[in-house]
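Asks: Could you work out the structure for the sequence below:
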Amino acid sequence: MSTNISFEVKMLRFDEDYVPSANTRLTTNFANLARGEHRQENLRNVLRMIDNRFNALASWDNPQADRYAIELDIVSVDMKTAFGGTAETFPLIEILNTSIIDNVTGLRIPGMTGNNFSSYVRDYDFSVLLLEHNRDSTEFQVPDRFGDLHGNLFKAFVQSPAYREKFGKLPVICLSVSSNRTYHRTGNHHPILGAEYEQREFSLTDQYFGKMGMKVRYFMPEGSSAPLSFYFFGDLLADYSSLELISTISTMESFQKVYRPEIYNANSPAAACYRPSLGHQDYSTTRIIYDREERSRLAIEQGRFTEETFIRPHRDILEQWSARFPA
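Replies: Numbering: from 1, shown residues only. A predicted model of the protein is given here:
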């Protein structure tokens, strides 16, 4: 039976006038910010935070801390299939692409692709499959081949002509560290990424991104409150320029200050031995409104949508395709 999987990339500017498209996952963090009566103020404030953080990190030849500005584009990826000859389109993932505007030279410099990561299939895996697998279990267990299909779909996209035509480098995803792991500061310090942390056991998210072909390292940049998780292909430290790395740090740290202020807007920086906690009380809040409870509820709804419209109707052929995907 024919599978014929291909991908289509669409880009939408994320600015103060941004309105989520019909296919955007409602749990996508930037979509959550762009709803309600405070939507434009939310967007304006988070974009200002990103620019300010970028200029603070890119401080050389930048005496007024205003040399650079970041432009963000939401990259929406549709997967086009022909299962058994029937053409279908499914919204696969959304990531962010950064561009750096140099206000001194007038240049527009490519930044990092990736940054944020949202996925309908990931919603299904974590908010439906994993919960149902453990519903009657007294000990937490992970289903067999958990994340295999999602990982292979992501690798197929990154290897596709659709990706290569749009982007010059492989993506880097930057997320929060896990609140159920302990991180230990090492003696390694990078001039942009900052102090490196390590942990003794990968989190489930780390393992999930491993299925996507990505490695992980944890760094706490200068002036940050907590380390960030960087998921990448190749060599994170050698493959990207300083400005590219700063574009990801400034973008995702600013979002995390909104999403997880207990960790990323804490009033004291992470210690040498650090366990993140959403129950931490000594933190500052931003002026940006974000509904974390709504996000958790919608993740389950969107996971069910994925199960009903994508996984269940095509389970057998998807499993066959994934099993044949090159390791």
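Asks: all strands of this structure, in order?
Replies: For the chain, strands defined by DSSP state E occupy the ranges 6-14, 68-83, 86-102, 108-119, 172-176, 183-190, 194-198, 215-220, 228-232, 273-274.
Asks: want to throw those strands into a markdown table with mean pLDDT?
Replies: Shown next, in a markdown table, are the strands of the chain (pLDDT from 0 to 100):
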| stretch | mean pLDDT |
| --- | --- |
| strand 6-14 | 93 |
| strand 68-83 | 92 |
| strand 86-102 | 92 |
| strand 108-119 | 95 |
| strand 172-176 | 97 |
| strand 183-190 | 98 |
| strand 194-198 | 98 |
| strand 215-220 | 98 |
| strand 228-232 | 98 |
| strand 273-274 | 97 |
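Asks: any idea how far residue 199 is from residue 312?
Replies: 36 Å (Cβ to Cβ, to the nearest Å). (C-beta placed from N, C-alpha, C; glycine too.)
Asks: These two: which is more packed in?
Replies: Ranked by neighbour count (other Cβ atoms under 10 Å), residue 312 and residue 199 place residue 199 first, with 19 against 10.
Asks: Might you report the residue contacts of the more buried one?
Replies: The contact partners of residue 199, by Cβ atoms under 8 Å, 6 or more residues apart in numbering, come to 181-184, 218.
Asks: Which members of those are the farthest-apart pair?
Replies: Across these, the two members that end up farthest from each other (Cβ to Cβ) are 182 and 218, 11.4 Å apart.
Asks: Compare these two (neighbour count), which wins?
Replies: When neighbours are counted by other Cβ under 10 Å, residue 218 comes out ahead of the other of residue 182 and residue 218, with 24 against 14.
Asks: beta partners of the closest residue to residue 227 other than its chain neighbours?
Replies: Leaving aside its chain neighbours, residue 227 sits nearest to residue 220 (4.0 Å; criterion: Cβ to Cβ, 6 or more residues apart in numbering). Taking DSSP bridges, one finds residue 195 as the beta-bridge partners of residue 220.
Asks: Is it correct that residue 220 is in contact with residue 226?
Replies: Yes: taking contacts as Cβ atoms under 8 Å, residue 220 lies within contact range of residue 226: 6.3 Å.
Asks: who touches both of these two?
Replies: Listed as contacting both residue 220 and residue 226 by Cβ under 8 Å, 6+ apart are 269-270.
Asks: Report the separation between the two terminal residues of stretch 253-265.
Replies: The straight-line separation of the ends of stretch 253-265 (Cα to Cα, to the nearest Å) is 9 Å.
Asks: pLDDT on it, on average?
Replies: Averaged over stretch 253-265, pLDDT sits at 93.
Asks: Quick check: buried residues in it?
Replies: If you call a residue buried by 16 or more other Cβ atoms under 10 Å, then stretch 253-265 has these buried ones: 253-265.
Asks: Dump those residues to TSV, plus distance to residue 66.
Replies: Supplementary listing: the buried residues of stretch 253-265 in TSV, determined by distance: Cβ to Cβ, whole Å:
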residue	distance to residue 66
253	19
254	17
255	21
256	23
257	20
258	22
259	26
260	28
261	26
262	30
263	28
264	24
265	23
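Asks: Among the residues you listed, which pair sits farthest apart?
Replies: Across the buried residues of stretch 253-265 (Cβ to Cβ), the longest gap, 15.7 Å, separates 254 and 262.
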